[in-house]
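1. generate a structure from the sequence data that follows.
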Amino acid sequence: MALPVDTSKVRFVAAEAPYPMLDRTTRMPRTNFDGQPLWFVPVVAMTEGQKAEVMSLKVPGEPKGIRAFMAVKVTGFVVGEYTAKDGKHYSSYEADSVEPDLPGK
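-> Numbering: from 1, shown residues only. I've put the predicted structure just below:
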């Protein structure tokens, strides 16, 4: 199940440059159902009065113009849950897009 997240009160800062999501066995780039390559964008998410969270957002297509310590705008953010082969439960973080959050834009 994927739950959409209202990001209107969340500030996101890129923790490092985006990098491609690779298949763990073949080391080839992974793609989504539409054939777009998947990328990770490590971010720090912050809200007023709450502890900051570090997460890697999975996005389709290569995010452009993002570098470490840059404010970013996240669109279509969802949190999912999955169970790994070892039986442990994990959260996944996905977004439709991540782009630089430029002043005046």
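
2. going forward, measure contacts between C-alpha atoms and count neighbours the same way
-> Fine.

3. which stretches of this protein have low pLDDT?
-> By pLDDT under 70, the low-scoring segments of the chain are 105.

4. strands along that one, start to end?
-> For the chain, the strands defined by DSSP state E cover 2-4, 11-14, 19-20, 38-46, 53-60, 71-75, 78-83, 89-94, 97-100.

5. among those, which is nearest Arg30?
-> Proximity to Arg30, assessed across these by C-alpha to C-alpha, is greatest for strand 38-46 (5.8 Å).

6. returning to what we had before: with distance to Met28 and mean neighbour count added, can I get the strands of the chain in TSV?
-> Listed next are these as TSV, based on distance: least, C-alpha to C-alpha, whole Å; neighbours: other C-alpha atoms under 10 Å:
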stretch	distance to Met28	mean neighbour count
strand 2-4	26	12
strand 11-14	24	22
strand 19-20	9	17
strand 38-46	11	22
strand 53-60	15	20
strand 71-75	26	20
strand 78-83	22	14
strand 89-94	20	14
strand 97-100	22	21
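
7. so Lys64 makes contact with Ser97?
-> No: contact between Lys64 and Ser97 fails when scored by C-alpha atoms under 8 Å: they sit 10.2 Å apart.

8. distance of the closest residue to Arg11 other than its chain neighbours from Thr7?
-> Nearest non-adjacent residue to Arg11, counting by C-alpha to C-alpha, 6 or more residues apart in numbering: Met46, 5.2 Å away. According to C-alpha to C-alpha, to the nearest Å, Met46 and Thr7 sit 10 Å apart.

9. can you check Thr75 too?
-> Taking C-alpha to C-alpha, one finds Thr75 at 8 Å from Thr7.

10. was I right about Met70 contacting Ala14?
-> Yes: contact status for Met70 versus Ala14: in contact at 5.4 Å, counting by C-alpha under 8 Å.

11. now do the contacts for the closest residue to Ala52 other than its chain neighbours.
-> Spatially, and ignoring its direct neighbours in sequence, Ala52 is nearest to Met46 (4.7 Å; C-alpha to C-alpha, 6+ apart). If a contact means C-alpha atoms under 8 Å, 6 or more residues apart in numbering, then Met46 has Val10, Arg11, Phe12, Ala52, Glu53 as its contacts.
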